Each structure stands twice: as C-alpha cells, then as structure tokens.
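Novice: Sequence plus the predicted model coming up.
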2 protein chains.
Amino acid sequence: MAAGVTLNDVAKAAGVSIASASRAINGLDNVTEEVRERVLEAAGKLKYVPHGAARALAMSRTNTIGVILPDIYGEFFSEIIRGIDVAARASGLHILVSGSHGDVKEAVKAARAMAGRVDGLLVMAPYADADDLSGKLPFNLPLVMMGGVGGQADLPSLVVDNYSGALEAVRHLREQSCRRIAHIAGPESNLEAQDRLRGYLDGLKEADLSPQVLPGDFTDAAGYAAVQTLLAQEQMPDGLFAANDMMALGATLGLREAGVSIPDDIAIIGFDDIPVTRYASPPISTLRAGVFDIGRRSLELLSVLIERGSAEASTSAASLIVRPELVVRASSRRR
Amino acid sequence: MAAGVTLNDVAKAAGVSIASASRAINGLDNVTEEVRERVLEAAGKLKYVPHGAARALAMSRTNTIGVILPDIYGEFFSEIIRGIDVAARASGLHILVSGSHGDVKEAVKAARAMAGRVDGLLVMAPYADADDLSGKLPFNLPLVMMGGVGGQADLPSLVVDNYSGALEAVRHLREQSCRRIAHIAGPESNLEAQDRLRGYLDGLKEADLSPQVLPGDFTDAAGYAAVQTLLAQEQMPDGLFAANDMMALGATLGLREAGVSIPDDIAIIGFDDIPVTRYASPPISTLRAGVFDIGRRSLELLSVLIERGSAEASTSAASLIVRPELVVRASSRRR
DNA sequence: TTGTACGCGTTATCAG
DNA sequence: CTGATAACGCGTACAA
C-alpha cells in the first residue's frame, strides 16, 4: 500500500532480476554500469520508493531511534529534542518520538510499540515508580536513560546532578544576603524534583535557616499560584528558588503584577536554563543543566551502543553525570 | 534482532501453532480460553514483544504518521507538534518526526525515508521552491500540507491567511496612531513571510504611509539586530510589525536595553502567538494563528484521509483556511 | 477451534 | 556479474 510500486516492478521494467535491481539501487559495485542505469531510470520513471518496513525486516536495521519523553513539547523537552536531532542527523538517524504523559504504563506501551521499528531507545522517565520500567523496558534493545535519577536499574544513562545544583542555588541566594528563602517544588512523584528539594533543604540547614516549601508541578501557572500564597503572608520571603524555570517565570510574573521588586525585595532563581529565561524581565538566574547537551550526548552514547553489537552493553553502563552550572542574571544579582 | 524472541518461540513454548498464538495475542475470539491463557503466559514469560516492522509489512498498516517540519523544536514548531500529539494519541497513532532544516531536498529525503513506515504524511514546507515537492512527495500516501501558501499543488492542506493577518496588524497599529510603521521581515524564501510582507505593504498603502522593511530570519537575534539599525537612524519609527513573535521578542529586548518605551515611543506587534509572548515585558501583541490548532486539525484531516481508502483523496482536497485573530496586549495598547 | 502455507517487499546467500 | 531462492516476523485465507 505504501509505495504501490515495488522493487519487483522496477526490476521487471528494467528487464533484470529483482536481485540486480536491489544491488543497483543500493549502490553496490557488483553491477554493470549499463544495468545500473537501466534500473535507476526505471525506478525514477515509476517513482519507486523503497519500503521501509520491508527493508527493516530484511536487514534488522531501521536507522531510527525511539525517543520517549514525558512530553514532546514545551521549552524544556523541545531543547532536549533539539539536542537529539542535531546528533541524530549527524549519524544519519531518524527519530520516532512518543510522549508518556507522566505515566509509566504509557511509557512502557510506547516502548513496546517501537520494538522492531527502532535500533535503540532514548528514555526519560523521572517517575517515582520507574522501577517497573527497567524490568519491562529493555527488549534487549540498546537503551539510554536520560536525566532520570542516578542508579535507575543501572542502565546506561545521562543524569543531572540535581542535588548539588539545588544546593548551589541556595548558597547563591544566601550570598545575596537572603535570609528567608522559599522553594517552589516540582511534582512529588518526580525524582528530579525530589533531589532538588533535598538540595534546597540541605542548603538551608547549612545556615540554620528555616524552609518554606510550596507545592508546584513545573508549570508557569504553579509558579504564579505559589506567589499568590506568598503575597498573602504576613512576611514575604526575600529569596525564592523554583524547581524549574517555568515556575520561576510564573513567579516573576505574579510578583511584577503585585509591584514587588526583583531582585531587591526578593531574589529569584530557577533551574534548567531554558531559552525563555533570557527574555523575562528581569532575566532569570538559573542552573544550566545543559538540556541541549543531554539530548545530544544521550544520542551519541546510544549510537555507540548500537554500533558495538547492540544488546547488553550494560557492561560499561557508564552513567554520565552532568553537573549544572550556575548562571547569574538580573533576577538574583543584588548590590 | 529487535526483540529476539519471536511469535514462533511463543507458539512453541505454548505448544500451539504460530497461527493460534497470533490469534490469541491479538485478541481474536476464535481461540479456546485455555489456549489463550497458555499463549499469554508463555508470551509474558518470554517477554515477547511484537515486531513492528514485520507486522507493518504483513498488514500494510503502521499506526504511525510521519511529520515533516522545517525544524522540530522551538516555540513555534513545538506548539504544532503538541497539537499533532494531542490528536494523534486520541486516534491511537504514533508520530515519526523529521526536520527538513529549511531545505526542500531534505524534506523529500525525509519523506522517502518514511515510505512504508507510516500511514500518512503531515508536511510543512514554506519554501519558495516547494513546487518540486508536490511532484516528488506523494508516493500515493495520504498527505496533508500544513500552513504552506494557498494552492500548493492543490493538495489537501491547512493554511493560514497570512496576508489578511498582516493587514490587520498594520491597521491596528494605525489605530494606535502610529504613522511611521516599520516591518521586520521573515526569510525571503519563505512563502508565509512573503504574504505577511505583502499584507504590511498594502496596509501602509491604504493610509499613504511609507514603508520601511528590515531583513530578518524569524530568530530573536534578527529582531534584536533590526532594532539596532532603527536606533541608528535619525528618526525612529513609532510602530513596528515583526513577521513573527520571536523577532518581536528580540526587538523588545533591544529596545528595552536602549531605554525606548514600549508602547509609548514605539508600539510593537508580532505574529503567531507563541506562548512566550505572554511573558515578555511588556506582553506582546500578536496575531493568533492557532498554531496548536493547525497541528491538531491537520492530523484529524489526515486521519480521515487514511481511514477512507487512503490514496487519492485529493478529490475533496479541501484547503482549510485559518484566519488569524488579533490579540492586543500591552506592547501595542496606547492611550 | 486449530494448523498449514502463502504473501508482504527487501536483502543476502549461493550457484551459475 | 547475474539470477533464483531462502530468510526476516507476522497476519490470514484455506483446509482440516
């Protein structure tokens, strides 16, 4: 159905065997120049296009890698995809993406649907119950986990050191002489958010400050809502660490509306360094996790795993750890 | 290679024929309950996962649609993908995305690579030389063009009325009593950008104003650069229409740095209504093209084409036209 | 209800 | 260099 015209048609039209046609089209050198021309001409005339599935079946090679993310849009995931895309086209690979929408079962389902259609899997599943995953996921397919928590079933992975990033964020705020530092947390079931929360708490403990944690879900709306809570308090915090940039953004929006001055009244810092942080006013300080690089390097790692005899490369299951870098912008620079 | 264990293995393990195994797994009703259980148990034990390519080949059905965009990341495309994703999961479809990186040949190449791996194609190719495409693209695969210019080879498509959108933008600025209205254009080879430029020029002509067009490429950097040019002039414009939101964003950034007041000194309006426009300061006026909806509706349209006997559905090649809606925010509201 | 056998479109092996 | 032909893994008439 796909292409209608098959290799068989081309071969017939060119008056050669289907085998020769295949060789000619794939540029093998064991064909007469004359045959090649005849085949190529016939192919062009008939608008022949190779059938991907058939080729994949015969070669057990798809030149495609599957990408499973919680969502496939938005500033954050978009940057990851960009990184993957850049590396993929460098390796001549295509990408089959799927969103798990925050659900482990969805992620597994997506992975199953990709079996036989991809050469490897890139998975990001920062869910608390992600252990289920490791058992059900690898259909002896090369696999790289992205940005999950550390030793997730010791699969090869690229993880961000969320804890020390958060710690650094808090220290930075303290250096700006913040004393009452609040935190807008990520989803409770999110492992990365949990680590950031831990970093925050420990950062306060270092200086004997008392914490205030507001719930959040990584959306700008959550940041905005959190700020409303703060504004209703008797005493506002003078420092705010949001578990991600989107929430920091929503927070600045709310504060600006309320006429609170940033960073003088309250210093703000986010996490991830998504592109829009630079356009906020004031531009938002953050921790650059190298979102783009996570995508790029993950694919490169996967690419290697695929090249070397596929399957169980868990031997050198090197978990590359990415240490976030503090990026200070106007939202937290006081003086 | 993909899944190692095949249906054959499962059948053997369950002590039934491969046919029965297939039936049991696919939930057909013509199998004894006992056989079904045996098969399912064996499948579970062996961690059997159906081989996508094989299945696709046998059924000529992939439950996957191919998406070809100029790029697969960034605010704009991300929103399109979101629309597609939402509609796709509603239809139980997966998506195979590919970026053409502004090149027609790349787009064709991507499309070819998708043949036999997808049930239909969603293509966005706003290139000036996109005519090549129509001839080389449809391997009698259902296809929907997204947001290209109008009658692109009369394929079924979803197009935005860029011309009237631009016209409306200019009229709006005029109503804000702008007299010197400049335009930051999109890439010259971009058909949509060309239409927006035409709308701008006609909008000025209506009021006998003289145009000033600055070159751009849809990036924020271009918007920023354009502003530098304006600032160096003797007389600044008092109105600015950017061909897309990203450039408008870059422009506001540059103007803010220079201490120019928006919208008092200069009113600004963009195009597309990507999410970040709301976070800019001031929030940016724009024309809502319904980016999300373009994606969603395109997939729905494609879905229909696929359902009804695939192939030449060009009969009712209804090109749905989306009329952009003016969204006035602080960046252009004067009084 | 079950099993056999063929076809899907390509690649790859092995004689000619 | 070329041409049959056997895989690849699965669905499905067809026959039993």
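Specialist: Happy to help now that I have it. Residues are numbered from 1 along each chain as shown, chains lettered A, B, ... in the order given.
Novice: got a pLDDT number for residue A:113?
Specialist: pLDDT, residue A:113: 92.
Novice: and whichever strand or helix holds it, what does it pack onto?
Specialist: Secondary-structure assignment from DSSP states H and E places residue A:113 in helix A:104-114. Packing contacts for helix A:104-114, counted by 3 or more C-beta pairs under 8 Å, 6 or more residues apart in numbering or on different chains; DSSP states H and E, involve strand A:64-69, strand A:94-99, strand A:120-123, helix A:131-136, strand B:94-99. C-betas here are computed from N, CA, C, even on glycine.
Novice: If you average pLDDT over each of these, which is lowest?
Specialist: helix A:131-136 (a mean of 68).
Novice: what about whatever helix or strand comes next after it, average pLDDT?
Specialist: The C-terminal neighbour of helix A:131-136 among helices and strands, as given by DSSP H and E, is strand A:143-146. For strand A:143-146, mean pLDDT rounds to 89.
Novice: same thing with stretch A:264-284?
Specialist: Averaging pLDDT along stretch A:264-284 yields 92.
Novice: and what of stretch A:177-185?
Specialist: Here the average pLDDT along stretch A:177-185 is 97.
Novice: And for stretch A:39-49?
Specialist: 94.
Novice: With stretch A:247-260 instead?
Specialist: Stretch A:247-260 shows an average pLDDT of 94 in the prediction.
Novice: hmm, who's touching it?
Specialist: A:184, A:186, A:216, A:218-228, A:231, A:236, A:240, A:242, A:262, A:265-266, A:268-271, A:276-277, A:280-282, A:284, A:286, A:331, B:279, B:281 (C-beta atoms under 8 Å, 6 or more residues apart in numbering or on different chains).
Novice: Near DNA strand C, which residues of chain A are found?
Specialist: By the rule C-beta under 7 Å from any atom of the strand, the part of chain A lying against DNA strand C is A:1-3, A:6-8, A:18-19, A:22, A:25-26, A:48-51, A:54-55, A:57-59.
Novice: from the residues you listed, which ones fall inside helices?
Specialist: The helices, defined by DSSP state H, take in A:7, A:8, A:18, A:19, A:22, A:25, A:54, A:55, A:57, A:58, A:59 from the residues of chain A next to DNA strand C.
Novice: Whichever of the residues you listed end up buried, select them in ChimeraX.
Specialist: A single ChimeraX command selects the buried members of these (16 or more other C-beta atoms under 10 Å in any protein chain shown):
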select /A:7,22,25,54,55,57
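Novice: would you list the ones in helices among the residues of chain A next to DNA strand C in JSON lines and tack on distance to residue B:179?
Specialist: Output for these, formatted as JSON lines (distance: C-beta to C-beta, whole Å):
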{"residue": "A:7", "distance to residue B:179": "65"}
{"residue": "A:8", "distance to residue B:179": "69"}
{"residue": "A:18", "distance to residue B:179": "71"}
{"residue": "A:19", "distance to residue B:179": "73"}
{"residue": "A:22", "distance to residue B:179": "68"}
{"residue": "A:25", "distance to residue B:179": "62"}
{"residue": "A:54", "distance to residue B:179": "64"}
{"residue": "A:55", "distance to residue B:179": "62"}
{"residue": "A:57", "distance to residue B:179": "66"}
{"residue": "A:58", "distance to residue B:179": "68"}
{"residue": "A:59", "distance to residue B:179": "65"}
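Novice: For residue A:234, grab the count of nearby residues.
Specialist: Residue A:234 has 4 neighbours, counted by other C-beta atoms under 10 Å in any protein chain shown.
Novice: and it, that's in a strand?
Specialist: No: assessed with DSSP: H, G, I helix; E, B strand; the rest coil, residue A:234 is coil; it does not lie in a strand.
Novice: Please enumerate residues in contact with stretch A:96-111?
Specialist: A:64-72, A:81, A:113-114, A:117-118, A:121, A:123, A:125, A:127, A:129-130, A:132-133, A:136-137, A:139, A:187, B:64, B:85, B:89, B:94-97.
Novice: Which among those count as buried?
Specialist: Looks like the contacts of stretch A:96-111 have A:64-72, A:81, A:113-114, A:117-118, A:121, A:123, A:125, A:127, A:130, A:133, A:136-137, A:139, A:187, B:64, B:85, B:89, B:94-97 buried, using 16+ other C-beta under 10 Å.
Novice: thinking again about what came up before, and the contacts of stretch A:247-260, which of them are in helices?
Specialist: Judged by DSSP H, the contacts of stretch A:247-260 include A:220, A:221, A:222, A:223, A:224, A:225, A:226, A:227, A:228, A:231 as members of helices.
Novice: So how do I select the buried members of the residues you listed in PyMOL?
Specialist: Filtering the ones in helices among the contacts of stretch A:247-260 down to the buried ones (16+ other C-beta under 10 Å) takes a single PyMOL command:
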select buried, chain A and resi 220+222+223+224+225+226+227
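Novice: and which of the ones in helices among the contacts of stretch A:247-260 is nearest DNA strand C?
Specialist: Of all these, residue A:220 has the smallest distance to DNA strand C: 47.7 Å, by C-beta to the nearest atom of the strand.
Novice: ok, now how distant is that closest one from residue A:251?
Specialist: 9 Å (C-beta to C-beta, to the nearest Å).
Novice: looking at it, residue A:25 is touching residue A:44, isn't it?
Specialist: No: Residue A:25 lies out of contact with residue A:44 (C-beta atoms under 8 Å); the separation is 10.7 Å.
Novice: quick one on the thing from earlier: okay, the helices and strands packed on helix A:104-114 in CSV with distance to residue B:212 next?
Specialist: Formatted as CSV, the helices and strands packed on helix A:104-114 follow (distance: least, C-beta to C-beta, whole Å):
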stretch, distance to residue B:212
strand A:64-69, 43
strand A:94-99, 42
strand A:120-123, 47
helix A:131-136, 56
strand B:94-99, 33
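Novice: still on that earlier bit, check the ones in helices among the contacts of stretch A:247-260 and tell me the two furthest apart.
Specialist: Using C-beta to C-beta, the two most remote members of the ones in helices among the contacts of stretch A:247-260 are A:220 and A:231, lying 16.7 Å apart.
Novice: that older thread, name the nearest of the ones in helices among the residues of chain A next to DNA strand C relative to residue B:324.
Specialist: Closest to residue B:324 out of those is residue A:55 (42.3 Å), distances taken as C-beta to C-beta.
Novice: surely that closest one meets residue B:116?
Specialist: Yes: at 7.5 Å, residue A:55 and residue B:116 qualify as touching, with contact defined as C-beta under 8 Å.
Novice: still on that earlier bit, please pick the buried ones from the contacts of stretch A:247-260.
Specialist: Buried members of these, scored by 16+ other C-beta under 10 Å, are A:184, A:186, A:216, A:218-220, A:222-227, A:236, A:240, A:242, A:262, A:266, A:268-271, A:276-277, A:280-282, A:284, A:286, A:331, B:279, B:281.
Novice: Filter those to keep only those in contact with DNA strand D.
Specialist: Okay, of the buried ones among the contacts of stretch A:247-260, nothing touches DNA strand D (C-beta under 7 Å from any atom of the strand).
Novice: what's around residue A:292, how many residues?
Specialist: Residue A:292 has 20 neighbouring residues, counting by other C-beta under 10 Å.
Novice: Provide the secondary structure category for the closest residue to it other than its chain neighbours.
Specialist: Take residue A:292 and drop its neighbours on the chain: the residue closest to it by C-beta to C-beta, 6 or more residues apart in numbering or on different chains is residue A:83, 4.3 Å away. For residue A:83, the assignment made with three-state DSSP gives helix.
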